[in-house]
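Participant: just to be clear, the model below is a prediction. Sequence and coordinates:
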Amino acid sequence: MREMICVPRQQSLNIRQSHCTGWGSGQDPTTTYVKQIQRALKDCPDIIDKHKIKHLTPIHPVPPTLTARLKIHKPNISIRPVVNNINAPSYKVARFMAKSLKDYLNLPNTYNTINSHALAQDISKLTINEHCKLVTYDIKDLYVNIPIDETLHITDFFLRINNNKATIRSQILGLMQTTLAQNYFKFNKEFYQAQKGIAMGSPLSGLVAELFLQYFELHIVKHSLETKSIIFYTRYVDDILIIYNESLTNKRKITTPQAASPAYVACVTRWLLLVTYGTMEHDVVKANLSHYIPSRPVTPVIIMMKREQSSKLL
């Protein structure tokens, strides 16, 4: 028999009022948002043909709804808000953009890992000594902390370096802005608009988050690798793994800008608002890296050696 976990009603569905504005019962903005999507689609003749526009126009839309899941593996059983965006006014457009934008953006994916096999191969190529440390990081509330305006500038950056025409860039950014702005949901018969961040449950949000993270990685991580501040960096979604040489730096200095450009300093400052220093830090010895092969992709933290094991070898 499964154990039943009870939490206070106020905690059970925390709508994060610090991030949301309530309109009050009955003020459903869905009709207004449908009209915004229709206008935005008509302004995109170079990226969407007429037949596709008809398909992407919402029919019988419904507002996104908020539910929640318990994080039973976390201390104090915290709550993960879940928003169902299926059939929301922007759902079809968001799904279309998530697929088509990849062709326009051609993201480098330089520092991503896809599974533990790929990670093991990458680490096996490194020169590891007794001074090397492995540290893990976690990104706090990723979707909530991604600003829309900044993300649009970053999207324009990637569109430009891939030589997209001005008209294409303008139409993509316009449709993207309209879609991302529709970050609302219904909860307990009332409607709420998020004050910041991107929508949980939107098909476009995953790509937007990836855009945001890869932009800062291209600036911060590239600089750190070039200056030998770190030996290895990789990321799986919002979990980060770094290997560095303790004799040359420490985990607090890894992202500290020294003799860097103002743009780099600004990037580091923005990055540190997202990243939390992990509590896991391990000695790393190349010959003894354990390799656990899971049945599905998991975070890079699975490839590591316990401090107790490595200390016996030093």
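Facilitator: Everything's here; your move. Numbers count the residues shown, from 1 in each chain.

Participant: distance check, H117 against K42.
Facilitator: Separation of H117 from K42 (C-beta to C-beta, to the nearest Å): 46 Å. No exception for glycine: its C-beta is placed from N, CA and C like everyone else's.

Participant: what is the burial count for A68?
Facilitator: Taking other C-beta atoms under 10 Å as the criterion, the count of residues near A68 is 17.

Participant: same question, R80
Facilitator: Neighbour count of R80, defined by other C-beta under 10 Å: 12.

Participant: part of a strand, is it?
Facilitator: Yes: judged by DSSP: H, G, I helix; E, B strand; the rest coil, R80 forms part of a strand.

Participant: so the closest residue to it other than its chain neighbours: helix, strand or coil?
Facilitator: If you skip the residues right next to it in sequence, R80 has R69 as its closest partner in space, 4.7 Å away by C-beta to C-beta, 6 or more residues apart in numbering. Assigned with three-state DSSP, R69 falls in the strand class.

Participant: and R69, what is it in contact with?
Facilitator: Taking C-beta atoms under 8 Å, 6 or more residues apart in numbering as the contact definition, R69 lies against I79, R80, V82.

Participant: can you do 10 Å?
Facilitator: With contact taken as C-beta atoms under 10 Å, 6 or more residues apart in numbering, R69 is in contact with I79, R80, P81, V82.

Participant: tell me which helix or strand of the chain sits lowest on mean pLDDT?
Facilitator: Ranking every helix and strand in the chain by mean pLDDT, DSSP states H and E puts helix 307-311 at the bottom, with a mean of 32.

Participant: returning to what we had before: closest to N129 out of the contacts of R69?
Facilitator: Nearest to N129 among the contacts of R69 is R80, at 40.0 Å by C-beta to C-beta.

Participant: the closest one against L70, yeah?
Facilitator: Yes: with contacts counted by C-beta atoms under 10 Å, R80 reaches L70, the gap being 7.6 Å.

Participant: how about the nearest residue to L105, chain neighbours excluded?
Facilitator: Leaving aside its chain neighbours, L105 sits nearest to F158 (4.7 Å; criterion: C-beta to C-beta, 6+ apart).

Participant: for my notes, confirm that neighbour occurs in a strand.
Facilitator: No: looking at F158 with three-state DSSP, it is helix, so not inside a strand.

Participant: how much space separates it from M176?
Facilitator: F158 sits 12 Å away from M176 when distances are taken as C-beta to C-beta.

Participant: these two: which is more packed in?
Facilitator: Neighbour tally, F158 and M176, criterion other C-beta under 10 Å: the higher count belongs to M176, 23 against 20.
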